[in-house]
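> I would like the atomic coordinates for the input below:
(one chain, ligands or ions: 2)
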Amino acid sequence: MTKNFAIAPNAPATVRGGGVEQEQFLSILSREEAFRRFEAAVFPRPPASEQCALEDALGRVLAADLVSPIDVPPFDRSNVDGFAVQSNDLATRGQANPARLALNPETLACGVAPTLSVSSGTATPISTGGMVPRGADAIVMVEHTQPLEDDAVEVRRAASAGQFISYAGSDIARGEMLLRAGTVIGSREIGMAAACGLARLPVARKVKVAVLSTGDELAQPGQALGPASVYDTNGAIIAAAVFENGGVPDFLGAFPDDEDKLEAAMRAALATHDMIILSGGTSKGAGDVSHRIVARLGQPGIVAHGVALKPGKPLCLAVCEAKPVVILPGFPTSAMFTFHDMIAPILRRMAGLPPRAETRVSVRVPVRIASELGRTEFTMVSLVQGDDGLIAYPTGKGSGAITSFSQADGFLRIEALADHLPAGAQAEVTLFTPHLRIPDLVIIGSHCTGLDPVLAPLARDGLTVRSLSVGSLGGLAAAKRGECDLAPIHLYDPQTDSYNARFLADGLELVAGWRRMQGIAFRAGDQRFEGAGANEAVANALADPDCLMVNRNQGAGTRILIDRLLGQHRPGGYWNQPRSHNAVAAAIAQERADWGVTIEPVAKAAGLGFIPLTEESYDFVLVSARKQRSAVQAFLSALHAPESREALKQAGFRPA
Ligand SMILES: Nc1nc2c(c(=O)[nH]1)N[C@H]1C(S)=C(S)[C@@H](COP(=O)(O)OP(=O)(O)OC[C@H]3O[C@@H](n4cnc5c(N)ncnc54)[C@H](O)[C@@H]3O)O[C@H]1N2
Ligand code: MOO
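Ligands and ions are numbered 1, 2, ... in the order given. So this is what the prediction gives:
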């Protein structure tokens, strides 16, 4: 699979890669230029709107400013049941000197237009909501009056001008701005429109967005996962993000790399939708069919293919028959980031919504972040509170990981001309949500599934926990800098043949966590390992040239164990050095390797056989200055609670 992203003249090139004829990108545009071209092609004219009946308006987006055609209330209106009077007649009245007012011969119930004036010395009976008659300037409540003989009423209180009257237009004045274009119509907005008598509202046309995933490897959630296949993440997440940005998503499924079938689906989608979003297959060779289809789908066609953006380089933006057609990169974080950066603004405008409100915060970056020269790079980050402001940790798993995007608080930008951001640099982070919730407890270090049962009671009590896995050494450094409450570590010290305690520094203390049995994992039934002791198992493995191992990365505690087991031997698979216990188990379970060293709970969960070697200690470095914080205390009680200890045992750990 050859990918060539060099800046080239604006003409398709064809190269040979791995025996497969494939096309390269036309030319790489800057992010700004690509967006400008896309926007210009989508909006030669303003987005479409339509009239919508008030009863159907819930959730729609107002397409134009709405001005009230009438006064609300439309007339001066009584707020109480009582009598319409002239306030002058009652100015000096009270219990001791009541007034006698003659009743006018009409009663102003709601909906009755007055025919008689109220003159001095008279009163007209009026209901709450009744129209104030000519001449009257105040209402007295019925409770403050006494009926008299001969159609008269006694009033025992003074009245001030205007009392109990709502004047015409006091609620909404004719010509007043009712609602702004771009407002999402909810029950309150419907109430305002109804009060003004508006039966139909101008709303943005619904934007129907077809979402398609591409790739032979994709299985839908709920289906069984075949060998070498992955679940379709992009279909679900893009459909949801379309909805969040005012569109009506229509997920059409995942399509194998079959040009005819995909083209038929895209043509059908183009006829019935306002926008098409594909993901995957924008840059690869053999299966790279989508952009060839897009190129012949309609005018003006592809406006940008290849953007100097990271993540997002293979992004393809097209407009076919006035409809945006987009191919997002297949990597989930690339797909989501480019959607939010380049597609959401267009979709929102089509849907009549204002641009998303962006909140930015200042942060310090604790570690060096490398960046590719020539591409504007966006690094997804998680934020924690440091002693002197916010600290941004790169989520660090790369564009292929869904969590790089889904677990980040926001992103920071590294300009195309920089090749890194130095440790300690100040930066601005754009948040994914308008408000940042600072976590109550911050745990930075080595991750272990044993943490989950320990943290469960904290979540139940409403505490938020941020857990960043940066490895034991990264966690230790973060604890020394005071960036976290706790750093889980499992660091072996060969000199003392002990774990963790030797790595502490001033201001840090150790809280005992649990032990994890490490051992040799193999597929159950493998006669080279089944029933053997550790040394015998390794000897059998070394004796068989077909037996492949899976190693661990340099620096991992487990690697030290493996090196001791192997001595000077370098069997097949030695250079396969993944960074996690789970990757070791997966390699063995999937027969890409035959044996490796991992922890017992992970081997058991993968259904593997296990030969115990030695226990390692997984403990917590506690930043002493933070010990009294209530979230830290809650963690310590959860760690020592009998329920957590039981749950840890169930999961195969041995609580200290
Ligand atoms: N030799 C090179 N290889 C790659 C380069 C490069 O410059 N040279 N660029 C990388 C970059 S950057 C990206 S981004 C990806 C994008 O590739 P495509 O857009 O062509 O996507 P695919 O090859 O189809 O898939 C990539 C990856 O993503 C997974 N995927 C695809 N669709 C989905 C989905 N709906 N849900 C979950 N995961 C999906 C797919 O399985 C692959 O793992 O290319 C790099 N390679
Ligand atoms: O451009 Mo890719 O989208 O970096 O991950």
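> Ala425 - how many residues pack around it?
17 (other Cβ atoms under 10 Å). Backbone N, C-alpha and C define where each C-beta goes, glycine included.
> in terms of contact, does it touch Val363 like I think?
No - at 9.3 Å, Ala425 does not count as touching Val363 under the criterion of Cβ atoms under 8 Å.
> what residues are shared contacts of the two?
Overlap of the contact sets of Ala425 and Val363 (by Cβ atoms under 8 Å, 6 or more residues apart in numbering) is empty.
> Would you tell me which residues of this structure are close to ligand 1?
1, 3, 5, 213, 215, 217-218, 230, 232-235, 279-284, 311, 313-314, 329-332, 334, 399-400 (Cβ under 6 Å from any ligand atom).
> List only buried entries from these.
Buried subset of the residues of the chain next to ligand 1 (neighbour count, 16 or more other Cβ atoms under 10 Å): 5, 213, 215, 217-218, 232-235, 279-284, 311, 313-314, 329-332, 334, 399.
> so which helix or strand takes in the residue of the stretch 101-250 of the chain found nearest ligand 2?
Nearest to ligand 2 in the stretch 101-250 of the chain, going by Cβ to the nearest ligand atom, is Asn234, at a distance of 12.1 Å. For Asn234, the element it lies in under DSSP states H and E is helix 233-244.
> again, but for Phe610
strand 608-623.
> The following helix or strand past that strand packs against which elements?
Per DSSP H and E, the first helix or strand lying C-terminal to strand 608-623 is helix 630-640. In terms of contacts (3 or more Cβ pairs under 8 Å, 6 or more residues apart in numbering; DSSP states H and E), helix 630-640 is packed against strand 441-445, helix 451-460, strand 508-523.
> buried residues in the helix or strand just after helix 630-640?
Sequence-wise, the next helix or strand beyond helix 630-640 is helix 642-650, with elements assigned using DSSP H and E. Under the neighbour-count criterion of 16+ other Cβ under 10 Å, helix 642-650 has 644-645, 647-648 buried.
> cool, and stretch 147-155?
For stretch 147-155, the neighbour count (16+ other Cβ under 10 Å) marks 152-153, 155 as buried.
> about what we covered before: pLDDT at the residue of the stretch 101-250 of the chain closest to ligand 2, what is it?
As predicted, Asn234 sits at a pLDDT of 96.
> between the strand holding Phe610 and strand 441-445, how big is the angle?
Interaxial angle, strand 608-623 versus strand 441-445 (axes from the mean of the first three to the mean of the last three Cα atoms, to 10 degrees): 120 degrees.
> any idea which element Phe38 lies in?
helix 31-42.
> what mean pLDDT does that helix have?
Averaged across helix 31-42, pLDDT comes to 95.
> What lies in contact with the helix or strand following that helix?
Using DSSP H and E, the next helix or strand after helix 31-42 towards the C-terminus is strand 49-53. For strand 49-53, contacts defined as Cβ under 8 Å, 6+ apart pick out 60, 63-64, 199-205, 352.
> run the last query once more with 10 Å
Identification of contacts with strand 49-53 by Cβ atoms under 10 Å, 6 or more residues apart in numbering yields 58, 60-64, 181, 185, 199-206, 352.
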